[in-house]
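Visitor: model this:
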Amino acid sequence: MRTIRVETSGATILLTEAPEPKVHDRQTGEIAKDANSGEALMTIGVVYIEDGESSLIKVTVPEGGISEGLALGAPVSLPGLVARPWESVFNGQQRHGIAYRAAAVTPAAFPAATGDAA
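Guide: Residues are numbered from 1 along each chain as shown. Model prediction:
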């Protein structure tokens, strides 16, 4: 399936959920691993704000890409963010969505305000 690069330079991204291991198999508790490196995968929750609109999304990040100093509600950067459309059939029902993945999650600064200060 095709991956689509997500341009984040015009967005504000805030951390809403701390990193947690991504579970591959809920019955066994097996943690998901990167297919190429074998590294454990983590998920984070963020709010993505751009052009006055916001979306809550979950992003998968390799464990080694989780930076120190992350704080809930603080801005973060997601280098290498990509979106991948997916679809599957579960219990006879068609499901679809978008999976997000980034190479890392790092602390960032709030964007500078635009306009002149009085």
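
Visitor: contacts and neighbour counts: CA atoms only from here.
Guide: Fine.

Visitor: in the chain, which helix or strand is least confident?
Guide: Lowest on mean pLDDT, DSSP states H and E among the helices and strands of the chain sits strand 23-25, with a mean of 88.

Visitor: Note down every partner strand of it and its orientation.
Guide: Within its sheet, strand 23-25 is paired with strand 30-31 (antiparallel), according to DSSP bridges.

Visitor: Which residues does the strand it pairs with contact?
Guide: Strand 30-31 is contacted from outside by 21, 22, 23, 24, 25, 40, 41, using C-alpha atoms under 8 Å, 6 or more residues apart in numbering.

Visitor: Give me the contacts around the least confident helix or strand of the chain.
Guide: By C-alpha under 8 Å, 6+ apart, strand 23-25 touches 29, 30, 31, 32, 33.

Visitor: Same check on stretch 57-72?
Guide: Outside stretch 57-72, the residues within contact range by C-alpha under 8 Å, 6+ apart are 14-19, 22, 34, 39-48, 76, 99-107.

Visitor: Grab the most central residue of this structure for me.
Guide: residue 59 (2.1 Å; C-alpha atoms, centre = their mean).

Visitor: what's the distance between that one and residue 74?
Guide: Using C-alpha to C-alpha, to the nearest Å, residue 59 is found at 16 Å from residue 74.

Visitor: CA atoms only: put stretch 100-113 into CSV for me.
Guide: Output of stretch 100-113 as CSV, limited to C-alpha atoms (Å, rounded to 0.1, in the frame of the first residue of the first chain):
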residue,chain,number,x,y,z
TYR,A,100,0.4,7.3,10.8
ARG,A,101,4.0,6.6,11.4
ALA,A,102,7.0,8.8,12.2
ALA,A,103,10.7,8.2,12.5
ALA,A,104,10.8,9.9,15.9
VAL,A,105,8.9,12.2,18.3
THR,A,106,10.9,15.1,19.7
PRO,A,107,10.1,18.2,21.8
ALA,A,108,9.3,21.3,19.8
ALA,A,109,8.5,25.0,20.4
PHE,A,110,5.2,26.7,20.0
PRO,A,111,5.2,28.6,16.7
ALA,A,112,5.9,32.3,16.9
ALA,A,113,2.8,34.5,16.8
